[in-house]
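S.K.: Next input, structure requested:
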Amino acid sequence: SRAAGTPFGCAGEMIYTSRQVHARVTARELSRVIASGRLIRAGRYYVTPDTAEGVRAALAAGVRPTCVTAAEVHGLWVPPVAGRHVYTRRGSPGVGWVGHGWHPSWPESDPIASPGLLLRHAIRCLDPLEVGILADSALHEGLLDQDAVAALAATAPRGVRRILERASGTAESGTESKVRLFLLLHNVSVTPQVQIPGVGRVDNLAGRRWIIECDSRQHHTGKDTYAKDRARDLRALELGYFTTRLTHAMTFAGWSRTSATLLQVIRSGRHLDPPEFWAL
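M.R.: Okay, here's the model as predicted:
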């Protein structure tokens with residue numbers, strides 16, 4: 001049948017309108033596609049099984065995913081923020097949703113907010129550094145350009161604007177992005193992804209000699225990696241650098257304490273000395 005060869009669920013396609021589906025299959029074939037689990041009805045839409053649960057629930061409820069909920073769909077680095085974030089056609093979205101207001105008609109053809117739109121909504125919802133993570137990620141992935149981020153910054157509150165003006169897309173993770181933006185806000189020069197002879201590539205070089213590594217749970221917990229990281233830290237110390245390693249938990253759940261410690265180092269000025277002055 002035509003349904004067997006219908007490319008529902010191809011890369012980049014997860015959500016279909018009724019018109020799109022009926023243009024591909026007959027009503028009888030659609031029943032078989034749904035029975036096979038290749039498509040799931042979600043309100044006015046049909047979605048593939050790999051569509052995020054939060055998005056499926058939002059579409060079924062007649063609301064539109066935005067902010068961090070939409071960001072996850074676009075493959076952005078998403079800070080650990082609670083709730084499913086949506087826009088509604090009228091009134092409050094109800095219990096279990098984080099509402100971003102309402103509108104008479106959704107401004108885009110896609111039911112999931114675009115990177116530009118979700119950032120516009122996130123600006124009024126998230127902590128400025130969390131907005132910065134989303135913007136950095138959108139730049140890194142090529143989903144927005146610097147002009148688009150600059151346009152968002154121009155209308156954002158001052159605290160968010162200062163972050164967006166520093167977003168560059170050079171970080172390779174949300175933890176790196178948050179730390180780099182925090183340092184830049186405190187007038188610390190930061191070189192991301194820099195190659196240091198004798199040490200290798202580091203996540204961030206703050207000032208002239210402060211290496212800050214933002215370790216993820218996925219890439220820095222193996223036995224061999226753990227040993228290599230510590231050997232690198234020791235070699236860096238011999239060359240006059242000092243290293244701070246931050247975990248995902250330290251960068252998010254424990255950020256209050258972590259940021260206070262980073263500020264202590266910044267105020268000490270230790271990062272400003274040339275590394276050769278401290279080389280062993």
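S.K.: My reading is that Arg232 lies in a helix. Confirm?
M.R.: Yes - according to DSSP: H, G, I helix; E, B strand; the rest coil, the state of Arg232 is that of a helix.
S.K.: Correct me if wrong: it contacts Val199.
M.R.: Yes - Arg232 lies in contact with Val199 (Cβ atoms under 8 Å); the separation is 5.7 Å. In this view, the C-beta of every residue, glycine as well, is placed from N, C-alpha and C.
S.K.: Overlap in contacts, these two.
M.R.: Residues touching both Arg232 and Val199 (Cβ atoms under 8 Å, 6 or more residues apart in numbering): there are none.
S.K.: if we look at the worst-scoring helix or strand of the chain on mean pLDDT, which residues are touching it?
M.R.: Within the chain, no helix or strand scores below helix 223-238, which has a mean of 86 by mean pLDDT, DSSP states H and E. Helix 223-238 is contacted by residues 196, 198-200, 211, 213, 215, 219-220, 242-243, 245, 279-280 when judged by Cβ under 8 Å, 6+ apart.
S.K.: low-scoring stretches of the stretch 101-250 of the chain, by residue?
M.R.: Residues of the stretch 101-250 of the chain meeting the criterion pLDDT under 70: 216-224.
S.K.: Mind jotting down where the helices sit in it?
M.R.: Listed in chain order, the helices of the stretch 101-250 of the chain (DSSP state H, counting those that start in this stretch) span 115-122, 128-140, 146-154, 158-164, 174-185, 223-238, 248-251.
S.K.: show me where the stretch 1-150 of the chain has strands.
M.R.: 15-17, 40-42, 45-47, 64-65, 84-88, 97-102 (DSSP state E, counting those that start in this stretch).
S.K.: Let's have these in JSON lines, adding distance to Leu119 and mean neighbour count.
M.R.: Formatted as JSON lines, these follow (distance: least, Cβ to Cβ, whole Å; neighbours: other Cβ atoms under 10 Å):
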{"stretch": "strand 15-17", "distance to Leu119": "20", "mean neighbour count": "17"}
{"stretch": "strand 40-42", "distance to Leu119": "24", "mean neighbour count": "17"}
{"stretch": "strand 45-47", "distance to Leu119": "23", "mean neighbour count": "23"}
{"stretch": "strand 64-65", "distance to Leu119": "14", "mean neighbour count": "26"}
{"stretch": "strand 84-88", "distance to Leu119": "12", "mean neighbour count": "25"}
{"stretch": "strand 97-102", "distance to Leu119": "12", "mean neighbour count": "17"}
